[in-house]
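A.B. asks: Predicted model and sequence follow; I will ask about them next.
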Amino acid sequence: MELAGYQRRALRAAAHGLQPVAHVGKDGLAENVLKGVKEALAAHELIKVRFVDQKENRREVAASLAEAVDAALAGVVGHIAILYRPHEDPDKRRVHLPQRES
């Protein structure tokens, strides 16, 4: 899923008040982290993930995490990654992406 710049910016703003729901530690992208992130995305659509030990290469790990859980990476701010995956049922979507008007 590709996001336009204005959509990433809107998602980062929407995620400002959220707390991280997962932590990536020294084990990296272990199965339990991936499972937790998938469950959190299914429940919330927009989440934050904190990097504890992967600070040097957090952008690469964040991109790998987004790809592994089939989500869009809205941004990496400090040691926090913001991930977005819309709910499968359009009626149950909580987060609505802005659309450019033509």
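C.D. replies: Everything's here; your move.

A.B. asks: just for this protein, where's the confidence low?
C.D. replies: For the chain, residues meeting the criterion pLDDT under 70 lie at 101-102.

A.B. asks: Could you pull out the strands in it for me?
C.D. replies: Ranges of strands within the chain are 20-24, 46-51, 72-77, 80-84, based on DSSP state E.

A.B. asks: Output the ones you listed in TSV; the columns should cover distance to Arg12.
C.D. replies: All C-beta spots, glycine's among them, are computed from the backbone N, C-alpha and C. Output for those, formatted as TSV (distance: least, CB to CB, whole Å):
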stretch	distance to Arg12
strand 20-24	14
strand 46-51	10
strand 72-77	5
strand 80-84	6
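
A.B. asks: Can you tell me the closest non-neighbouring residue to Asp70?
C.D. replies: Arg85 (6.4 Å; CB to CB, 6 or more residues apart in numbering).

A.B. asks: wait, doesn't the one you found sit right on Leu73?
C.D. replies: No: between Arg85 and Leu73 there is no contact under CB atoms under 8 Å: 10.5 Å.

A.B. asks: Could you pick out the longest helix of the chain?
C.D. replies: helix 31-44 (DSSP state H).

A.B. asks: Packing partners of that helix?
C.D. replies: strand 20-24, strand 46-51, helix 58-68 (3 or more CB pairs under 8 Å, 6 or more residues apart in numbering; DSSP states H and E).

A.B. asks: between the last one and strand 72-77, how many degrees?
C.D. replies: Going by axes from the mean of the first three to the mean of the last three CA atoms, to 10 degrees, helix 58-68 is angled at 160 degrees with respect to strand 72-77.

A.B. asks: Just the CA coordinates for helix 58-68, please, in CSV.
C.D. replies: Provided in CSV are the C-alpha atoms of helix 58-68 (Å, rounded to 0.1, in the frame of the first residue of the first chain):
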residue,chain,number,x,y,z
ARG,A,58,15.2,1.5,12.7
ARG,A,59,14.1,2.8,9.3
GLU,A,60,15.1,-0.4,7.6
VAL,A,61,13.5,-2.6,10.3
ALA,A,62,10.3,-0.4,10.2
ALA,A,63,10.0,-0.9,6.4
SER,A,64,10.6,-4.7,6.9
LEU,A,65,7.9,-4.8,9.6
ALA,A,66,5.4,-2.9,7.5
GLU,A,67,6.0,-5.3,4.6
ALA,A,68,5.8,-8.4,6.9
